[in-house]
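**Q** Whatever this is, show me its structure:
(2 chains)
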Amino acid sequence: MNRIKWRLVPVYVLLVLLLVISIVPFYLVIVNSTHSSFDIVTKLNLWIGGSLRDNYEKMQSNVNIWNGFKNSLLIAVPFTFFTGYFGAMTAYGFAKYRFKGKKGLYWLVLCSMMIPAQLSIVGFYQLNLKLNLLNSYIPFIFPGIANASAVFFLRGIVEQSIPDSMLEAARMEGATEFRIFNRMILPCIMPGVATMCIFNFVTCWNNYMGPLILITDNKKYTMPVMIAMIKGLYLSNYGAMYLAIAIAVVPIIIVYLFLSKYIINGLTIGSDK
Amino acid sequence: MKKKALALLLTAAMAVSLLTGCGSAADKQGTDTQEGTTAENTNTPEDNSGTTDGEDSGKELSGTLTIWSSGEELGRFVEGFNAIYPNIKVDITVVPNADFLAKLTPTLSSGQGAPDIFTGESDYVRYLVESPYWEDLKQEPYNVTQYTNDIWKYIVSVGTDSNGAIKALSWQASPGSIMYRRDMAQEYLGVSEPEDVAKLLGSNADMLKVAATLQENGIKMFASWQDIWNMSFSNRDSSWIENNTLMIGDDVLGFMDMAKEITDKGYSLNVDPWSPEWTAAVESTDTFCYVLPTWGYQFVVKPAADTTKGKWGLTTGPVPYVKGGTWLGIYKDSPNKELAWEFMKYVTCNSEAQKAYAQQYGEYVSSASADEALAAGEGEEVLGGQNLYEFYNSQMLQIPDNKMSPYDGVINNAFLSAAKAYTTGALSKDEAIQQFKDDVASSYPDLTIE
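**A** Numbering: from 1, shown residues only, chains lettered A, B, ... in the order given. Okay, the predicted model is just below:
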């Protein structure tokens, strides 16, 4: 009993250390959101200060952060859903079906991952201008259907964790191809899908350049754009910025907590029984 | 990397704007079903176009004015403006300065969702002035020349394009100063009044001599050597770009040597401007001065001074200078030009409005008569009773001609980062100059670089 405990001490020390390292930045964001800008730049603040109300008022006088919060959710939630569902579907297709031009198409998907986002932004603007989609959320949501990194990642998982025998068994039972995907494949690769969803939710939530350039109606701005707007040209409203960041972090934590359940569950589920 | 990407983006956007033209702007607005800014903009009543000028007609004008600004100061004018024009709703979007052009350029080239008024910060205002997006204010119905006599010449010259059209004006002017600590000057230099301190700082060599004296007493002369660039920038032999060629004169090279000497001898805190340590130096016991123009007092020294209230003073360095500022102009295809002009007139040409603004926020304004009236008023507590308007008025009369180029923001950043690499010893002087040239070349491939 004693012996086991002693052996675990270094492990726990290490784990606690990692925990502290991961939590400190979040803690500092929360603490700094209650301090004035001058305190933030001049001191290391470790405990809650008294400027929360000032910061909140300053933040709200610049932007309506709750509106931005709502806007960001309206984009990020459908985007994440599309990425997960259609990413898995495409990956399944590439992994398990044999068809003409499969290799070429797959390479095309991979190549699209290599184009830096900054390069395509002008073209993206022009495209949406012609489609009359400026000031709309569609340009940020629908591309989720064709997310190359999700396809790449999930294809590997489908190949590893879904044996062909499983599909054959299902087909023999008379299940349609669509039903096979929904009822068998998707649950089996849920851990992978959940991981991709977390990544893509965070990426989408933090997307700054796209909404900044495509959206000109200030009622439709998203969180990252609003946070950048709080920071003035000369004035540095750090307190208000920290507060906005603290608010912006909340959904990311919730999404992680919610989806990580699937990751842990998924690891223990066997598929080929 | 970011800068290069931005430059690429701008080049592409400019190219695209040439191809698309603006012929389809009208039907774009017609088909726009979003309840966005375009829809609001069409609310302008046309029948008001006959009434102009005068505060009596203020109530008759109504509509929504969309403004994109790189700073928040413009919003401070709205209350006073609405007192005269209660039916004009002013909708200001503060776009971060670093991304301002990235957002503005594609919008202007397409014309969809473009603001009625947009600002141009000194880093890129010359680029916008020479672009065809701002309305010429010399024309009817603006006739801006009837107001420009009261505006400091420098402000008007920056807003005037190469064909003589006045495209932009500003509510602020930003002549330079050295903001120094009176108590330290008294203790280590034996004098504390601005005129006496100015005599000790008559040339760059003198400044370094003072720095050495302070150094012996454990005081850093400068918060950051990069601040001195504000002064040197305004006094260069030529602007960065002449005849489409990047100019690197002896004065620029001399600045690098001075920066190197300051760093090697430890005359500065060795931090970048706007870093936390730099801001905190306002309240320090070991930093003597900032080389900053008007906005440095309003945004750095005044808000941070607590225990050092009354211990600050404004004085002059080797040369008078001017740096920074934000201009604004009216978008040429705005459907709300009349409202936009009323707002612009209120902000940039109304001496009374500027005076009230300056009194409340302590900012030095572009109306000469407002600055003169304020110079007769009380001094600043933080500055030990010194009147900043009186000081800056005298500077405004001596500042050198405008030496701005369209790409100052990017070129200045490239230059300061190369100079910094030289001061820290990461690069030799020749390597640093080469890096500077390479950076500029990759941002602006069309420039000739020798």
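**Q** Contacts only, for the one residue in the stretch 351-450 of chain B that gets nearest to chain A.
**A** Closest to chain A within the stretch 351-450 of chain B is residue B:363: 10.3 Å, counting by CB to the nearest CB. Just so you know, the C-beta spots here come from the backbone N, C-alpha and C atoms, and that holds for glycine as well. Residues near residue B:363 by CB atoms under 8 Å, 6 or more residues apart in numbering or on different chains: B:73, B:172, B:294-295, B:298, B:357.
**Q** From those residues, list the ones also adjacent to chain A.
**A** B:73, B:295, B:298 (CB under 8 Å from any CB of the partner chain).
**Q** any idea which of those residues is the one closest to chain A?
**A** Closest to chain A out of these is residue B:295 (5.6 Å), distances taken as CB to the nearest CB.
**Q** Contacts made by the one helix or strand that closest one maps to with the rest, please.
**A** According to DSSP states H and E, residue B:295 maps onto helix B:294-296. With contact meaning CB under 8 Å, 6+ apart, helix B:294-296 is reached by A:234, B:172-175, B:177, B:179, B:290, B:324, B:363-364, B:388, B:392.
**Q** Next one: residue B:426 from residue B:420, what distance?
**A** 8 Å (CB to CB, to the nearest Å).
**Q** Correction: the previous question concerned residue B:239.
**A** Going from residue B:239 to residue B:420 by CB to CB gives 22 Å.
**Q** still on that earlier bit, ok, residue B:426 and residue B:420, which is more surrounded?
**A** residue B:420 (19 against 11; other CB atoms under 10 Å in any protein chain shown).
**Q** Domain-wise, how is chain B divided?
**A** B:52-173+B:324-375, B:176-320+B:401-443 (automatic domain parsing).
**Q** related to what we said a few turns ago, for the ones next to chain A among the contacts of residue B:363, which single residue is the most surrounded?
**A** residue B:73 (24 neighbours).
**Q** Any stretches of the stretch 151-273 of chain A with poor pLDDT?
**A** A:232-236, A:264-273 (pLDDT under 70).
**Q** Please list the outside residues in contact with stretch B:308-316.
**A** With CB under 8 Å, 6+ apart, stretch B:308-316 has contacts from B:177-183, B:185, B:192-195, B:197-198, B:201, B:282-283, B:297, B:301, B:305, B:381-386, B:388, B:391-392, B:395.
**Q** Please apply the same query to stretch B:68-77.
**A** With CB under 8 Å, 6+ apart as the criterion, stretch B:68-77 contacts A:62, A:232-235, B:67, B:92-97, B:100, B:103-104, B:115, B:117-121, B:171-172, B:326, B:328, B:343, B:346-347, B:353, B:357, B:360-361, B:363.
**Q** Any quick ChimeraX command for the buried ones out of the residues you listed?
**A** Entered in ChimeraX, the line below selects the buried ones among those, by 16 or more other CB atoms under 10 Å in any protein chain shown:
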select /A:62,232,233,234,235 /B:67,92,93,94,95,96,97,100,103,104,115,117,118,119,120,121,171,172,326,328,343,346,347,353,357,363
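**Q** Give me the subset of the contacts of stretch B:68-77 lying in strands.
**A** Among the contacts of stretch B:68-77, the residues falling in strands (DSSP state E) are B:67, B:92-94, B:117-121, B:326, B:328.
**Q** for chain B, which residue is closest to the average position?
**A** The residue lying closest to the centre of chain B (CA atoms, centre = their mean) is residue B:325, at 2.0 Å.
**Q** show me the contacts for residue A:28.
**A** Here residue A:28 is in contact with residue A:45 (criterion: CB under 8 Å, 6+ apart).
**Q** ditto for residue A:75
**A** Applying CB under 8 Å, 6+ apart, the residues contacting residue A:75 are A:137, A:140-141, A:204, A:207, A:211, A:222.
**Q** If we use 10 Å, what do you get?
**A** Contacts for residue A:75 were tallied using CB atoms under 10 Å, 6 or more residues apart in numbering or on different chains; they are A:137-141, A:144, A:204-205, A:207, A:210-211, A:220, A:222-223.
**Q** same for chain B: which of the residues you listed are within range?
**A** Counting by CB under 10 Å from any CB of the partner chain, residue A:220 from those sit close to chain B.
**Q** And the contacts of residue A:75, which is closest to residue B:448?
**A** residue A:210 (35.3 Å; CB to CB).
**Q** pretty sure the closest one contacts residue A:121?
**A** Yes: using CB atoms under 10 Å, residue A:210 is in contact with residue A:121, at 7.1 Å.
**Q** Pull the distance from stretch B:350-358 to the chain's centre.
**A** How far stretch B:350-358 lies from its chain's middle: 19 Å, per CA atoms, centre = their mean, to the nearest Å.
**Q** just stretch B:260-267 next, same as before
**A** The chain centroid and the centroid of stretch B:260-267 are separated by 28 Å under CA atoms, centre = their mean.
**Q** Likewise for stretch A:156-172?
**A** For stretch A:156-172 - counting by CA atoms, centre = their mean - the centre lies 28 Å from the chain centre.
**Q** Spell out which residues of the stretch 51-200 of chain A are next to chain B.
**A** A:61-63, A:116-119, A:121-126, A:128-130, A:132-136.
**Q** Derive a PyMOL selection command for the buried subset of those residues.
**A** To isolate the buried members of those in PyMOL, using 16+ other CB under 10 Å:
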select buried, chain A and resi 62+63+118+121+122+124+125+126+128+129+133+134+135+136
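**Q** Next, work out how far apart residue B:368 and residue B:157 are.
**A** Relative to residue B:157, residue B:368 is positioned 14 Å away (CB to CB).
**Q** With residue B:359 instead?
**A** Residue B:359 is 27 Å from residue B:157, by CB to CB.
**Q** One more: residue B:116?
**A** Distance, residue B:116 to residue B:157, using CB to CB: 25 Å.
**Q** same check, this time on residue B:436
**A** 27 Å.
**Q** Who has more neighbours out of those two?
**A** residue B:436 (25 against 12).
**Q** what about that one, is that helix, strand or coil?
**A** For residue B:436, the assignment made with DSSP: H, G, I helix; E, B strand; the rest coil gives helix.
**Q** can you count the residues close to the closest residue to it other than its chain neighbours?
**A** Sequence neighbours aside, residue B:418 is the residue nearest to residue B:436 in space, at 3.8 Å (criterion: CB to CB, 6 or more residues apart in numbering or on different chains). Using other CB under 10 Å, residue B:418 has 23 neighbouring residues.
**Q** Residue B:418: which element?
**A** Residue B:418 belongs to helix B:408-423, assigned by DSSP H and E.
**Q** Show me what that helix packs onto, helices and strands only.
**A** helix B:2-20, helix B:100-110, helix B:125-130, helix B:228-234, helix B:250-265, helix B:429-443 (3 or more CB pairs under 10 Å, 6 or more residues apart in numbering or on different chains; DSSP states H and E).
**Q** picking that back up, per-residue confidence averaged over the helix holding residue B:295?
**A** Helix B:294-296 shows a mean pLDDT of 90.
**Q** Looks to me like residue B:289 is in a helix.
**A** No: the assignment for residue B:289 (three-state DSSP) gives strand, which keeps it out of a helix.
**Q** How about it: what's its closest non-neighbour residue?
**A** residue B:180 (4.0 Å).
**Q** Show me the shaky parts of the stretch 301-450 of chain B.
**A** Judged by pLDDT under 70, no stretch of the stretch 301-450 of chain B qualifies at all.
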